[in-house]
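> Sequence and predicted model, in that order:
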Amino acid sequence: MVEKLVPDGLWALVFPLIPSPPPRPRGGRPPLPPRRVLAGILYILRWGLPWRQLPTSLGFGSGISCERAFRRWQEQGLWSTLFQHVLNHAAMHDQLDWSRAALDGCSFPAPRGGEHTGRNPTDRGKSGSKLHLLIEATGLPLAITLTGANVHDSRQLEATLDAVNGIRNGNRGRPRVRPQKLHADKGYDYKRCRTACRDRGISPRIARRGVESSERLGRHRWKVERTFSWLMRFRKLAVRQERSADRFLALAHLACTLLVWRRLRTACPS
């Protein structure tokens, strides 16, 4: 089960980035192997179980141990670093297409409340959050941010664009942070959104309310909806139970990492 959830190729990317375990001056139980702990975290992410309900019979250790490791690694920046690392590998293998990008938001319930939650206008005012996702031309995630469900998509455009860290294509040229074009739906049809794109050297391709049909630009925008559907298969993201915004965003970064790694495994099986 561990090798199925954390194959050798994925583990080869993750292992060098895992921080050393904290010292235990008073002894105690030896720490679990990090590969087993990571498998437990991925199991929780995939099936959306509460941490305490992780079955110990699977061999991942207790859910409490996995949750502690997840939080410790999140505080040490592992999940965002891992996402950046796998994007760099995708760029090295020419799997990122910067010719165009697409941006959209997706709301979901957050029944426990917490940071970056708000009344969801599409869910009878219930507490919810929203993920804002930027993808490249083929659908791979480049950046993801989190807000309350009551935040309009257009208000998060700049923050999501700026969340792209410099992605390195080996030793060739400077790190890349901007696509050539940005496709977005009519929810982003504001002058400030187009100005923000042009200020960053991006050509906006935003549908105009009452002027343009959604169908023509939709041939590029549908890919961001597809990527959202991939992300929501990780049930821990479909309903937010984490009150901490940083921890929930770390789960989203881990899910995005898996999407990019699966593309690499398919395109570069060696």
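The structure has been received and is ready for your questions.

> Would you confirm that residue 123 contacts residue 107?
Yes. Applying Cβ atoms under 8 Å, one finds residue 123 in contact with residue 107, separated by 7.1 Å. Every C-beta, even on glycine, is put in place using the N, C-alpha and C of the backbone.

> shared neighbours, those two?
Both residue 123 and residue 107 are in contact with residue 149, where contact means Cβ atoms under 8 Å, 6 or more residues apart in numbering.

> the more surrounded of these two?
Counted by other Cβ atoms under 10 Å, residue 123 and residue 107 do not tie: residue 107 has more neighbours, with 20 against 13.

> Am I right that that one is in a helix?
No. Residue 107 is assigned strand when assessed by DSSP: H, G, I helix; E, B strand; the rest coil, not a helix.

> okay, stretch 23-37 in PDB with CA atoms only?
Extracted C-alpha coordinates of stretch 23-37, given in PDB (Å, rounded to 0.1, in the frame of the first residue of the first chain):
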ATOM      1  CA  PRO A  23      15.700  15.800  18.200                       C
ATOM      2  CA  ARG A  24      14.400  13.600  21.000                       C
ATOM      3  CA  PRO A  25      16.700  14.300  24.000                       C
ATOM      4  CA  ARG A  26      14.500  12.200  26.300                       C
ATOM      5  CA  GLY A  27      14.200   9.200  24.000                       C
ATOM      6  CA  GLY A  28      10.800   7.700  23.300                       C
ATOM      7  CA  ARG A  29       9.500   5.800  20.400                       C
ATOM      8  CA  PRO A  30      11.600   6.000  17.200                       C
ATOM      9  CA  PRO A  31       9.900   8.100  14.500                       C
ATOM     10  CA  LEU A  32       7.900   6.400  11.800                       C
ATOM     11  CA  PRO A  33       9.700   6.100   8.400                       C
ATOM     12  CA  PRO A  34       8.800   9.300   6.500                       C
ATOM     13  CA  ARG A  35       7.600   7.400   3.400                       C
ATOM     14  CA  ARG A  36       5.000   5.600   5.500                       C
ATOM     15  CA  VAL A  37       3.900   8.900   7.000                       C
END
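
> List the buried residues for it?
Residues 32, 34-37 are the ones in stretch 23-37 that count as buried (16 or more other Cβ atoms under 10 Å).
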